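Trainee: Mind looking at a prediction? Sequence and model below.
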Amino acid sequence: MTQEKWHHTQVRVRYAETDQMGVVYHANYLTWFEIGRTELIRGLGYPYRKIEDKGLLLPVVEAEVKFKKPARYDDLVSVYTRVIEISSVRLQFAYEVRKVTEELQDEEHVISSASFSAFVTEPMGELLVTGTTKHVWVNPSWKPVRIEKEAPELWQLLSQYS
């Protein structure tokens with residue numbers, strides 16, 4: 001893969017995602033992280049459904065979220081995701097959630113399609129949240145598996161991307 005290491009997707013903050021203070025409830029960022037990583041894998045040409053069809057699961061074993069600024073109802077936010085560590089049994093992602101600023105909207109960086117997927121070299125917009133998640137490849141019995149043996153084509157895609 002080229003230098004384009006971040007996968008980019010956008011989310012419009014829905015009213016149901018906010019709390020009484022009018023800001024995005026903290027747990028919703030983990031949902032956005034999930035959207036980011038599944039869309040990254042889809043963007044590599046390997047839909048997450050295909051992973052599950054092979055009998056592979058990728059549970060989160062650790063998550064870290066750092067809040068810089070809040071997102072609010074109707075904000076347009078970009079979720080940037082990249083692989084930062086990969087091994088036979090583990091996978092770690094990094095995330096940045098950024099508000100799409102008015103300047104970026106004026107420059108037509110707004111995604112008009114809900115199924116948008118793109119790889120970029122640098123995140124854009126106002127930084128709101130950073131985070132990481134660590135995962136372990138397991139089978140349906142929750143026993144660790146080696147991804148390069150169970151899904152060599154996926155292993156190759158993720159290894160080239162990281």
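Mentor: Arrived safely. Residues are numbered from 1 along each chain as shown.
Trainee: Need the CA coordinates for the longest helix along the chain. PDB is fine.
Mentor: Counting by DSSP state H, the longest helix found in the chain is helix 28-43. Below are the C-alpha coordinates for helix 28-43, written out as PDB (Å, rounded to 0.1, in the frame of the first residue of the first chain):
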ATOM      1  CA  ASN A  28     -20.800   6.300  21.300                       C
ATOM      2  CA  TYR A  29     -17.200   7.000  20.300                       C
ATOM      3  CA  LEU A  30     -16.600   3.200  20.700                       C
ATOM      4  CA  THR A  31     -19.400   2.600  18.200                       C
ATOM      5  CA  TRP A  32     -17.800   5.100  15.800                       C
ATOM      6  CA  PHE A  33     -14.500   3.300  16.300                       C
ATOM      7  CA  GLU A  34     -16.200   0.000  15.200                       C
ATOM      8  CA  ILE A  35     -17.600   1.800  12.200                       C
ATOM      9  CA  GLY A  36     -14.100   3.000  11.300                       C
ATOM     10  CA  ARG A  37     -12.500  -0.400  11.600                       C
ATOM     11  CA  THR A  38     -15.100  -2.300   9.700                       C
ATOM     12  CA  GLU A  39     -15.100   0.200   6.900                       C
ATOM     13  CA  LEU A  40     -11.300   0.100   6.800                       C
ATOM     14  CA  ILE A  41     -11.400  -3.700   6.300                       C
ATOM     15  CA  ARG A  42     -14.200  -3.300   3.800                       C
ATOM     16  CA  GLY A  43     -12.100  -0.600   2.000                       C
END
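Trainee: Which strands and helices lie in contact with it?
Mentor: strand 6-12, helix 48-53, strand 60-67, strand 76-86, strand 90-99, strand 126-136 (3 or more C-beta pairs under 8 Å, 6 or more residues apart in numbering; DSSP states H and E). In this view, the C-beta of every residue, glycine as well, is placed from N, C-alpha and C.
Trainee: What is the least confident helix or strand in this protein?
Mentor: helix 102-106 (a mean of 62; mean pLDDT, DSSP states H and E).
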